[in-house]
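1. below: sequence and its predicted model.
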Amino acid sequence: MADDNEDKDVLAALDKEASEYLKDAEISRILNAFKLDAYAILDLKPGVPESDIKAQFRRKSLLIHPDKTSNPQAPDAFDRLKKAQGVLMDEKLRERLDEAIADARMLLIREKKWTVDNPELVTDEFAVEWREKTKHVLIDNELRKRKQLKAQMAEEGREKRKVEEEMDARKRKRESEVAWEETRDQRINSWRDFKTKGEKERSKKKKKMAPIG
């Protein structure tokens, strides 16, 4: 009886060790998968139905969830898995990814000067090349997107500075107009004083020049 219990304990320990090994292997696979390819992260082929995406995410998430393993990289892997599922469940994002994958396939066909019915297209070797070409296409697309975003932000910055400069110019104009209006009475009084002083000077000159009777 004691031997049976020992055997059960050993088997349980082996099962646990095997389970942890599978979890660690899957976490490593996810973290090493190409970050811009959601299909690669979820270990799915392009074109799968939505139900397969949901089922695969559930299987993978149950395996590597941070609450189910002590692996310190589990949170990062789970986060990446969740984001990949979000991309594939978003119609526009998935369509954009599918277009990049299709572009990669056509680029390879052109480079090899094949026709679309070439039997090599269904080989494992081509699948590997296709995935590698997909990486290059996705990287190019990402760089192009970042460049456009940078240019857009620069343009928005120029527009913002232009608006701010126009606002500052209008502000200075208003302040100048207010200052001009506030000194209006002072300018009038100064002109009156100047005029009165001039009249007095002219009057004095006239008296000096007048003949003595």
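-> Good, I have the coordinates. Numbers count the residues shown, from 1 in each chain.

2. show me what the helix or strand hosting E125 is packed up against.
-> Remark: E125 resides in helix 124-182, with elements defined by DSSP states H and E. Under the contact criterion of 3 or more C-beta pairs under 8 Å, 6 or more residues apart in numbering; DSSP states H and E, helix 124-182 touches helix 91-112. Using the backbone N, CA and C atoms, a C-beta is placed for each residue, glycine as well.

3. tilt between the helix it packs on and helix 124-182?
-> With axes from the mean of the first three to the mean of the last three C-alpha atoms, to 10 degrees defining the directions, helix 91-112 sits at 130 degrees from helix 124-182.

4. please report how far the residue nearest the centre of the chain lies from G157.
-> Nearest to the mean C-alpha position of the chain, counting by C-alpha atoms, centre = their mean, stands R146 at 7.7 Å. Separation of R146 from G157 (C-beta to C-beta, to the nearest Å): 16 Å.

5. and if you look at R80?
-> Counting by C-beta to C-beta, the gap from R80 to G157 is 32 Å.

6. which one's more surrounded, those two?
-> R80 (19 against 10; other C-beta atoms under 10 Å).

7. list the contacts of the closest residue to H136 other than its chain neighbours.
-> Ranked by C-beta to C-beta, 6 or more residues apart in numbering and with sequence neighbours excluded, the top spatial neighbour of H136 is A104, at 7.3 Å. Counting by C-beta atoms under 8 Å, 6 or more residues apart in numbering, A104 touches 130, 133-134, 136-137.

8. so for I212, what's the pLDDT?
-> With respect to pLDDT, I212 scores 55.

9. try L22
-> 93.

10. list the contacts for it?
-> L63.

11. please, which helix or strand holds it?
-> helix 2-32.

12. for stretch 155-167, what is the distance to the chain centroid?
-> 23 Å (C-alpha atoms, centre = their mean, to the nearest Å).

13. quick one: contacts of that stretch?
-> Nothing outside stretch 155-167 qualifies as a contact, by C-beta under 8 Å, 6+ apart.

14. do the same with stretch 63-74
-> So stretch 63-74 is contacted by 20, 22-24, 26-28, 30-31, 62, 75, 77-78, 81 (C-beta under 8 Å, 6+ apart).

15. lowest average confidence, helix or strand, in this protein?
-> Taking mean pLDDT, DSSP states H and E as the measure, the chain has helix 184-209 as its least confident helix or strand, at a mean of 70.

16. not counting sequence-adjacent ones, nearest residue to Q56?
-> L42 (5.3 Å).

17. I figured the one you found hits K54, correct?
-> No - with contact defined as C-beta atoms under 8 Å, L42 and K54 do not form a contacting pair (10.4 Å).

18. got any residues that touch both of the two?
-> With C-beta under 8 Å, 6+ apart as the test, L42 and K54 both reach Q85.

19. great, nothing more from me.
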